[in-house]
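Visitor: fold the following for me, if possible:
(chains A and B)
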Amino acid sequence: MIYLDHAATTPMRPEVWEAMAPYGSDSFGNPAGFHGASRSAKNALEEARERIAAAIGAQPMEIVFTSGGTESDNLALKGAVYNSSPARGLVTTTVEHEAVLETGYFLERIGMPVTILGVDSEARVDPDRVAAAVSDETAVVSVMAVNNETGTVQDLSVISRVVKDVNPRALVHSDAVQAFSSESIDVGAMGLDLLSLTAHKFGGPKGAGILYVRDGTALEPVMHGGGQELGRRSGTNDVASAVGIATAMELAVADRARFGSEIGAIRDSFENDLKDRLNVVVNTPGKGRSSHHLNVRFPGVLNETLLMLLDQRGVYASAGSACQSGAATVSHVLEGMGLAPGQARESVRFTFGWTSTADEAAEAAGIVSELVDRLA
Amino acid sequence: MRVLVAMSGGVDSSVAAALMKDEGHDVMGVTLKLWSGPKGEAPTAGCCTVSDAEDARRVAAQLDIPYYVLDHTEDFRGGVVDRFVADYASGRTPNPCIECNRTVKFDRLLSRLDDFECDVLVTGHHARTRLVDGVWHLRRGEDHAKDQSYVLSMLTQRELSRTRFPVGELTKKEVRRIAAGMGMRTAHKPESMDICFVGQRDYRGFLHDVAPQVFESGSVVDTDGREVGTHRGVAGFTIGQRRGIGVAVGEPRFVIKIDAGTSTVVVGSREDLGVNEVDLEQVTWTSGSSRDGDVMAQYRAHGEPVAAAIHGTKLGFMERQEAVAPGQTVAFYDDDVVLGGALIASTA
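Guide: Numbers count the residues shown, from 1 in each chain, chains lettered A, B, ... in the order given. Prediction:
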């Protein structure tokens, strides 16, 4: 098996599973309780919160545990809009993850002002366009840090500055789910009020996410209940997940330099192999790209057919977005960049990660080349 | 052989996949995603619902074969749904399931076989194929009560040579027994009857939603051309329809003709429904060579074949037939061998 779908999810690092294990057996207490079993769970939870905060330049109380990226995005955007009075809206882009876009459509349906900005041919939004779209009516601006399909990196420090210049009250959110393994994430330097992360994209467990909420930022909760997480997210905490995401973040930070060098070099050599052997169009931008994404188009080859044959040869890649049934659908990100639906259907995403090796990338490039040669 | 099985999630295609696997072939299963509603929702009726795809996926897992959902929504919209709407708008009575077989399953999917590195396409239809002196014959299924050769009557050598129908050799009872013996979740699943994109409601409701323009009002006239009422669109009528005509007269009235050009619906007595001869279009011959002369003609999926004679694109019935509508498929048989098929263009 050659796994080239790390943007979909990553294999869990064994140290993470090990760190989580005690909270699935002996240390089962509810961290919100009164007795000894609770105290040890509570200690583990708060220690995890401190470690997470340290990994993104935040304070522990600014970390809210969630079930993952989708929940974090929902809480950030709905929480900001619901809390604004009089009600203000959202500014975002056409190439966001569905968790942001669908939340935007929902907010629009309930009458909030929502602006969805177009992007350039590299899936990048122009900060000037963001500034022009922000007004007194804006509660929150959401721009993803690294695009999940193309690996396009957005300059959030510039975006957050121009937003605050127009409307200092407007919050700036970033879905950084795809960014954490390769990009340095410092909420202060990026000027962010809200940031979403999920553990399974960097060697952690599924169902474990966080939302960074800058101190003093009020959000209306999406989950109402027992008032956990300072009322920002009710529900009994999953201590194992909290320990899992904290451990995965520390390991990912320690491994980040290797993403910039080794993993990036593996991706680049895979890309060059394909370019040498095939007629390919690279959808991932040349500059301002993450080290581990590669989105390429093979003219004349339906991605659905190629992915099926790759699967049968043990090479796992994806079309970028998949519906519930698993059928490949036309990517809204590629369409947002200006590709025709037919071109989007010829595009395949290969994404590398902490387990990737140069040998398997070379082998995969050979298999892809052989298949594309035959199908084109 | 490498075999591509079109798995709908029903018992027949489940067993078809199992039989091919048993024969030692290299099998992979696919379900076609054909239709989704305006918000991308999957159909809840017909042969291709969400739970059907889930059943197909689980059966494939049980058989330990690779399984994929293929997106053919664009082919389906263009080849089947648009045509369904256009047919009703022009006063015809379409059969979208046959169109789906023709344009999606046995055209688009078959044309992808080479790309998929597969030798043959397998479906769960109840029909049989035989290679006789180098020519592929299509015959009724072993279980005549479940026979589906009518909906396959447009297949020619190109398709038949690369298609297998393993459950056509069995009765439905045997198919269910095999499925039950293997503990398949689809063993006792009821058969789908609805049109997938229409759902469990009336087809007119679907037409109202997607093509309101086909409901242009017009006249209901009798066989002498006298106006006896009005209607709200020819798309709401089929030949032979008795209820809902909106005309109150003494004796039973039936829709006998639909003229979309003038938006006129003609009603008449039961006797007026009789048809002696039809003009055909899109005539195909299973063997590839056309023939004139006596055939047994079947013009409804579960109708009895009737004696007829074909000359070019004219088909004459030996006895008058009732409720024969333009747009319907007619299949030609010699005993249980399918000779060919056609669409009815007009009736006389």
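Visitor: run through the stretch 251-376 of chain A and note the low-pLDDT ranges.
Guide: A:321-328 (pLDDT under 70).
Visitor: rerun that using 80 as the cut-off
Guide: A:320-329 (pLDDT under 80).
Visitor: try chain B
Guide: In chain B (pLDDT under 80), the answer is B:36-52, B:192-202, B:213-214, B:243-251.
Visitor: which parts of it sit against chain A?
Guide: Residues of chain B found near chain A, taking C-beta under 8 Å from any C-beta of the partner chain as the criterion, are B:28, B:31, B:33, B:40, B:42, B:50, B:53, B:66, B:68-71, B:112, B:115-117. Bear in mind the C-beta positions are built from the backbone N, C-alpha and C, glycine included.
Visitor: switch the cut-off to 6 Å
Guide: For chain B, the residues in contact with chain A under the definition C-beta under 6 Å from any C-beta of the partner chain are B:33, B:53, B:66, B:68-69, B:71, B:115.
Visitor: farthest pair within those?
Guide: B:53 and B:115 (21.7 Å; C-beta to C-beta).
Visitor: sorry, back to before: could you export the residues of chain B next to chain A as CSV, including secondary structure and neighbour count?
Guide: Compiled in CSV, the residues of chain B next to chain A are given as follows (DSSP: H, G, I helix; E, B strand; the rest coil; neighbours: other C-beta atoms under 10 Å in any protein chain shown):
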residue, secondary structure, neighbour count
B:33, strand, 22
B:53, helix, 23
B:66, coil, 13
B:68, strand, 25
B:69, strand, 22
B:71, strand, 22
B:115, coil, 17
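Visitor: save the residues you listed as a markdown table, and put in distance to residue A:253 too.
Guide: Written out in a markdown table, the entries for those read as follows (distance: C-beta to C-beta, whole Å):
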| residue | distance to residue A:253 |
| --- | --- |
| B:33 | 41 |
| B:53 | 41 |
| B:66 | 38 |
| B:68 | 38 |
| B:69 | 38 |
| B:71 | 39 |
| B:115 | 44 |
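Visitor: pick the one among those residues closest to residue A:372.
Guide: Minimum distance to residue A:372 across the residues of chain B next to chain A is 11.4 Å, recorded for residue B:115 (C-beta to C-beta).
Visitor: using the three-state scheme, assign the nearest residue to the closest one once chain neighbours are set aside.
Guide: Ranked by C-beta to C-beta, 6 or more residues apart in numbering or on different chains and with sequence neighbours excluded, the top spatial neighbour of residue B:115 is residue A:305, at 4.8 Å. For residue A:305, the secondary structure call by DSSP: H, G, I helix; E, B strand; the rest coil comes out as helix.
Visitor: please apply the same query to residue B:310.
Guide: Per three-state DSSP, the secondary structure class of residue B:310 is strand.
Visitor: once you drop chain neighbours, what's closest to it?
Guide: Leaving aside its chain neighbours, residue B:310 sits nearest to residue B:295 (5.5 Å; criterion: C-beta to C-beta, 6+ apart).
Visitor: okay, now that neighbour: neighbour count?
Guide: Using other C-beta atoms under 10 Å in any protein chain shown as the criterion, residue B:295 is surrounded by 21 other residues.
Visitor: who are the packing partners of whichever strand or helix holds residue B:297?
Guide: Assigned by DSSP states H and E, residue B:297 falls within strand B:293-298. Packed against strand B:293-298, as judged by 3 or more C-beta pairs under 6 Å, 6 or more residues apart in numbering or on different chains; DSSP states H and E, are the following elements: strand B:306-311, strand B:329-334.
Visitor: rewinding a little: distance check, the residue nearest to residue B:310 against residue B:67.
Guide: Counting by C-beta to C-beta, to the nearest Å, the gap from residue B:295 to residue B:67 is 41 Å.
Visitor: the residue nearest to the spatial centre of chain B: what's it in contact with?
Guide: Compute the mean C-alpha point of chain B, and by C-alpha atoms, centre = their mean the closest residue is residue B:98, 2.6 Å away. If you count contacts by C-beta atoms under 6 Å, 6 or more residues apart in numbering or on different chains, residue B:98 has them with B:151, B:329.
Visitor: what ranges do the helices span in the stretch 201-350 of chain A?
Guide: A:239-258, A:264-277, A:303-312, A:332-336, A:341-344 (DSSP state H, counting those that start in this stretch).
Visitor: likewise the stretch 201-348 of chain B?
Guide: With DSSP H, counting those that start in this stretch as the criterion, the stretch 201-348 of chain B has helices spanning B:203-210.
Visitor: of all of it, which residue lies closest to chain A?
Guide: Shortest the stretch 201-348 of chain B-to-chain A distance, computed as C-beta to the nearest C-beta: residue-wise this is residue B:209, at 20.2 Å.
Visitor: and that residue, how many neighbours?
Guide: By other C-beta under 10 Å, 12 other residues sit near residue B:209.
Visitor: and residue B:305, by the same measure?
Guide: If you count neighbours by other C-beta under 10 Å, residue B:305 ends up with 19.
Visitor: quick check: which element contains the residue in the stretch 151-300 of chain B that chain A sits nearest to?
Guide: Using C-beta to the nearest C-beta, the closest approach of the stretch 151-300 of chain B to chain A is made by residue B:196 at 14.0 Å. Secondary-structure assignment from DSSP H and E places residue B:196 in no helical or strand segment.
Visitor: so how many other residues sit close to the closest residue to chain B within the stretch 151-300 of chain A?
Guide: Using C-beta to the nearest C-beta, residue A:300 is the residue of the stretch 151-300 of chain A that sits closest to chain B, at 11.1 Å. Burial of residue A:300 is recorded as 10 neighbouring residues (other C-beta under 10 Å).
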